[in-house]
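Undergrad: got a predicted structure here, sequence first:
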Amino acid sequence: MFVEALGVIRDRYKFLLVGYVVMPEHVHLLLSEPPGSTPSIVLKVLKQRVARDLRAGNDRLPSMDFMAGDAGLPRFWEPRFHDFNVYSGYKVREKLEYMHENPVKRGLVKNPGEWMWSSFWFYEKGEQGLVRIDPV
């Protein structure tokens, strides 16, 4: 669900998706500045889309605005994200390696290639995965 929404939002906002890893409780994204917008807007729209899609597919979730957090109701997403400006080819590689190793460090898989919800195979063998990668 997240990867489908990511592909749709990427096409709409025309940013480059350099890498991603979807973890059970968080997501790593390496993306470019979208033309005419900001990463903050892109992430807001992406989070809203995923929350709405989840709500539409699960009648057991309480009816709420996932982004508002009104009346003390729980949020699906954290209200903020942690960003880092990647300023060199070295940093791109460093961030990709960190992201792709995350499922291994968490003990979810033995090597990054076993985790299908990432861009690892694009960089390892040039194979497109669940979401198209835009190499830089």
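TA: Here it is on my side, so go on. Because the structure is predicted, anything quoted here is derived from the model rather than measured.
Undergrad: this structure: helices as residue ranges?
TA: 2-13, 39-56, 89-105, 120-125 (DSSP state H).
Undergrad: those helices: which one's closest to residue 80?
TA: helix 39-56 (9.6 Å; C-beta to C-beta). Using the backbone N, CA and C atoms, a C-beta is placed for each residue, glycine as well.
Undergrad: which helices and strands sit right next to the closest one?
TA: For helix 39-56, the packing partners by 3 or more C-beta pairs under 8 Å, 6 or more residues apart in numbering; DSSP states H and E come out as helix 2-13, strand 27-31.
Undergrad: adding mean neighbour count and distance to residue 45, write these out as TSV.
TA: Converted to TSV, the helices and strands packed on helix 39-56 look like this (neighbours: other C-beta atoms under 10 Å; distance: least, C-beta to C-beta, whole Å):
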stretch	mean neighbour count	distance to residue 45
helix 2-13	17	6
strand 27-31	20	13
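Undergrad: looking at the ones you listed, which is closest to residue 105?
TA: strand 27-31 (12.1 Å).
Undergrad: now the helix or strand of the chain with the lowest mean pLDDT against strand 27-31, angle please.
TA: Across the helices and strands of the chain, mean pLDDT, DSSP states H and E gives its lowest value to helix 39-56, namely a mean of 87. Here helix 39-56 points in a direction 140 degrees away from that of strand 27-31 (axes from the mean of the first three to the mean of the last three C-alpha atoms, to 10 degrees).
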